[in-house]
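J.: Have a look at this prediction, sequence included:
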Amino acid sequence: MVSAATLLASASAPAEATHSDVAHAHPASSHRVVTFMSRAEYEQAARRGTAHYVAKFMRANPAGKAIPRVLPGDPGGYDGVAASRYADAWALSRNPSFPDFSANGGGGDCTNFVSQAMSAGGWVETGTSLQTDDTYWHFIHLGGSTGSYTRTWSAADNQWRYQTVTPYSIFEGKWQPGAGSYNSTYTPNAVKSGDVVLYNWFNNDNSATAQVHWAIQTGYGYSTGYGAPPRAIYGNYVDTHTNDHYHAFWSLWPYNTNKATTSYRFWHLT
């Protein structure tokens, strides 16, 4: 019988790049090489206890679809530090290798920016063509700033739905401050560099109608934009586009006119 170990191909973590390397390298350079197992192999691995995302994978991979051989938690997976460095490099500008959705009525560049950072960290891209549902996530470069990409790459609500089905992330929880405490300095200790935060401005749990926003955590310390320490807030900080912020306190409360009604969701990427 094939052992569970032989079903899971090991992948070496990419060498840690310098700040400038991450900023200007093609994001695909940090991707893992992903081979595939058959659905039967995956189900056998799941039965043997080597994967605990069976239900998610079955929803995300209908019958006949190949299953990535690299599973969540495998060595050599997502590099949150590399993702954070990419986000830091482009938080206040735009990478010309990608479209800018904050221009020409694009609706905002937050999801596109976070997707770029996740890709730079080697998060597994799924699908090979322009799927329009929410079970795949990728960007295929076609030259210049153009590409073929899924809605989950660029649209906030689609990315939210993708996070609920992908096996490559772990939902860490939801937080909503109590009335009158929205300017709290609370900071979630489970969220690590390279993890992503969803802001739901009106705490609407219907992803189809909610007004949402994405950011990526890039570190822990004094945030920027609130004056020098000790006036600056100490805790988790994020980078985000539209509006653009570098090392902003994770809740964005000084900028958020809807802070009294905003709820937050966190995902740890693997």
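T.: Here it is on my side, so go on.
J.: Could you use CA atoms for every contact and neighbour count after this?
T.: OK.
J.: so where's the stretch 101-250 of the chain shaky on pLDDT?
T.: 104-106, 128-132, 178-184, 226-231 (pLDDT under 70).
J.: Hmm, residue 119 and residue 125 touching each other?
T.: Yes - the pair residue 125 / residue 119 is scored as a contact, 7.4 Å apart, by CA atoms under 8 Å.
J.: and residue 217, that one's in a helix?
T.: No - read with DSSP: H, G, I helix; E, B strand; the rest coil, residue 217 is strand and lies in no helix.
J.: you'd agree it is up against residue 238?
T.: Yes - Residue 217 lies in contact with residue 238 (CA under 8 Å); the separation is 4.2 Å.
J.: circling back: of residue 125 and residue 119, who's got more company?
T.: In terms of neighbours (other CA atoms under 10 Å), residue 119 is the more surrounded of residue 125 and residue 119; the figures are 27 against 20.
J.: hmm, back to that, anything in contact with each of residue 217 and residue 238?
T.: residue 250 (CA atoms under 8 Å, 6 or more residues apart in numbering).
J.: And residue 97, what's its pLDDT?
T.: Note for residue 97: predicted pLDDT of 92.
J.: ok, now residue 65?
T.: 43.
J.: What segments of the stretch 101-250 of the chain are strands?
T.: 139-143, 146-149, 169-175, 196-200, 212-222, 234-240, 245-249 (DSSP state E, counting those that start in this stretch).
J.: all helices of the stretch 151-270 of the chain, in order?
T.: For the stretch 151-270 of the chain, helices defined by DSSP state H, counting those that start in this stretch occupy the ranges 151-154, 156-163.
J.: And the longest one, what's buried?
T.: Okay, so that is helix 156-163. 156, 157, 158, 159, 160, 161, 162, 163 (16 or more other CA atoms under 10 Å).
J.: what sits against the nearest residue to the first one once chain neighbours are set aside?
T.: Translated: residue 156. Distances taken as CA to CA, 6 or more residues apart in numbering place residue 111 nearest to residue 156, at 5.5 Å, with adjacent residues excluded. The contact partners of residue 111, taken as CA under 8 Å, 6+ apart, are 153, 154, 155, 156, 159, 213, 214, 215.
J.: Please repeat the previous calculation with a cut-off of 10 Å.
T.: Taking CA atoms under 10 Å, 6 or more residues apart in numbering, we find residue 111 in contact with 101, 117, 151-160, 198, 212-216, 240-242.
J.: for residue 225, same thing?
T.: By CA under 10 Å, 6+ apart, the neighbours of residue 225 are 232, 233, 245, 246, 247, 248, 249, 254, 255.
J.: any idea how far it is from residue 254?
T.: Going from residue 225 to residue 254 by CA to CA, to the nearest Å gives 9 Å.
J.: list residues touching both of those two?
T.: residue 248.
J.: List the buried residues in stretch 142-154.
T.: So stretch 142-154, judged by 16+ other CA under 10 Å, has buried residues 147, 149, 150, 151, 152, 153, 154.
J.: no wait, stretch 116-129
T.: Neighbour-count burial for stretch 116-129 [16+ other CA under 10 Å]: 116, 117, 118, 119, 120, 121, 122, 123, 124, 125, 126, 127.
J.: follow-up on the earlier one: which of the buried residues of stretch 142-154 sits closest to residue 207?
T.: residue 152 (12.5 Å; CA to CA).
J.: contacting residues around the closest one?
T.: 111-112, 115, 131-139, 158-163 are the contacts of residue 152 under CA under 10 Å, 6+ apart.
J.: if we go to 8 Å?
T.: Neighbours of residue 152 in contact, by CA under 8 Å, 6+ apart: 134, 136, 137, 138, 158, 159, 160, 162.
J.: what's the farthest-apart pair in those residues?
T.: Top of the distance list for the contacts of residue 152 (CA to CA): 138 and 160, 14.6 Å.
J.: Of the contacts of residue 152, which is the nearest to residue 260?
T.: For the contacts of residue 152, the nearest to residue 260 is residue 160 (21.4 Å; CA to CA).
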